[in-house]
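Student: Here is my input; please provide its structure:
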Amino acid sequence: MSNVSQKKAVILVSGGLDSATTLAIAKSQGYACYALSFDYGQRSLSEINAAKRVTAHFDVIEHKFINLDLRAIGGSALTDDGINVPTEGVAQDIPVTYVPARNTVFLSLALGWAEVLGATDIFIGVNAVDYSGYPDCRPDFIQAFTQLANVATKAGVEGQQFHIHTPLINLTKGQIIEQGLKLGMDYSLTVSCYQATDEGLACGICDSCRLRKQGFEQADIVDPTRYQM
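Tutor: Here you go, the predicted model:
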């Protein structure tokens with residue numbers, strides 16, 4: 001299928017396990033994939049390098065990077081060095097690694113680029129099963145944003161309908177990994193750690209590392225993650 005005849009989609013790619021799998025799914029569904037990543041002042045920029053590896057692996061049409069300074073408002077362990085990343089276990093409530101309005105901002109910019117591209121499909125790797133603490137990973141949020149997208153854009157008011165795809169939202173981490181492997185995903189390319197080194201070595205004890213480890217255990221797959229120790 002040529003790019004001319006393919007339906008276009010914007011995929012949010014952070015460089016982590018979930019977004020990489022989401023890109024693999026969009027690609028498998030025949031979309032011409034346009035990847036969007038953000039340097040928003042997060043602790044670990046190694047995920048940006050991971051995003052580049054993942055998009056090269058799946059040969060996307062274009063990979064765009066946007067610089068945002070979410071450190072200017074802080075309020076998260078990922079954007080404020082004065083707030084420690086928790087390492088005692090997976091949080092049950094909204095964790096301090098929640099970045100205020102992050103997915104709202106990311107989806108808004110993805111929506112803008114989609115409208116410019118003439119695309120009506122946006123993919124985001126939110127998950128509400130293994131890590132339901134983030135309010136902007138819930139189905140209610142996605143539904144509300146979709147309604148916003150269709151009344152807040154020229155394309156929407158002219159009759160086009162935007163669709164926000166969340167193929168991972170009801171999957172466990174193990175199921176996500178299994179699906180990605182079937183689609184040719186190489187998880188050694190990804191970085192999930194909240195405080196990985198510049199070389200991409202994961203700490204192994206933050207919430208994200210713990211969930212990633214659990215996922216590979218659930219899938220009974222050898223964990224390819226490179227850890228600091």
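Student: what about stretch 150-168, average pLDDT?
Tutor: Average pLDDT, stretch 150-168: 96.
Student: Okay, the closest residue in space to D18 that isn't next to it in sequence and E62: tell me how far apart.
Tutor: Leaving aside its sequence neighbours, D18 sits nearest to G125 (CB to CB, 6 or more residues apart in numbering; 3.6 Å). Just so you know, the C-beta spots here come from the backbone N, C-alpha and C atoms, and that holds for glycine as well. From G125 over to E62 the distance is 19 Å, taken as CB to CB, to the nearest Å.
Student: Mind checking which of these two has more residues around it?
Tutor: A direct count of neighbours by other CB atoms under 10 Å for G125 and E62 places G125 higher, at 24 against 13.
Student: Double-check that V10 belongs to a strand.
Tutor: Yes: V10: assigned to a strand according to DSSP: H, G, I helix; E, B strand; the rest coil.
Student: what's the longest strand in this protein?
Tutor: Taking DSSP state E as the criterion, the chain has its longest strand at strand 32-39.
Student: Pull the residues that contact it.
Tutor: 3, 6-15, 23, 26-27, 45, 48, 51, 55, 58, 60-68, 106, 109-110, 113, 117, 119 (CB atoms under 8 Å, 6 or more residues apart in numbering).
Student: at 6 Å what do you get?
Tutor: Residues outside strand 32-39 that contact it (CB atoms under 6 Å, 6 or more residues apart in numbering) are 3, 6, 8-13, 26-27, 48, 51, 55, 60-68, 110.
Student: neighbouring strands for it, and are they parallel or not?
Tutor: Using DSSP bridges, the strands paired with strand 32-39 in its sheet are strand 8-12 (parallel), strand 62-67 (parallel).
Student: State the mean pLDDT of the first one.
Tutor: Regarding strand 8-12, the rounded mean pLDDT is 98.
Student: And the very next helix or strand once past that strand, what does it pack against?
Tutor: Using DSSP states H and E, the next helix or strand after strand 8-12 towards the C-terminus is helix 17-28. Counting contacts by 3 or more CB pairs under 6 Å, 6 or more residues apart in numbering; DSSP states H and E, helix 17-28 is packed against strand 8-12, helix 173-182.
Student: In JSON lines, list these along with mean neighbour count and distance to V191.
Tutor: Shown next, in JSON lines, are the helices and strands packed on helix 17-28 (neighbours: other CB atoms under 10 Å; distance: least, CB to CB, whole Å):
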{"stretch": "strand 8-12", "mean neighbour count": "25", "distance to V191": "16"}
{"stretch": "helix 173-182", "mean neighbour count": "19", "distance to V191": "15"}
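Student: and of these, who's closest to P95?
Tutor: Closest approach to P95 among these (CB to CB): helix 173-182, 16.0 Å.
Student: tell me the angle the closest one makes with helix 17-28.
Tutor: Angle of helix 173-182 versus helix 17-28, following axes from the mean of the first three to the mean of the last three CA atoms, to 10 degrees, is 40 degrees.
Student: helices and strands around helix 173-182, which ones?
Tutor: Packing contacts for helix 173-182, counted by 3+ CB pairs under 6 Å, 6+ apart, involve helix 17-28, helix 207-219.
Student: just checking, which of the ones you listed sits deepest inside the structure?
Tutor: Stretch with highest mean neighbour count among those: helix 17-28 (a mean of 25; mean count of other CB atoms under 10 Å).
Student: Residues contacting that one, please?
Tutor: Applying CB under 6 Å, 6+ apart, the set of residues contacting helix 17-28 is 9, 11, 13, 33, 54, 58, 123, 125, 127, 167-168, 176, 180, 183, 185, 190, 192, 212.
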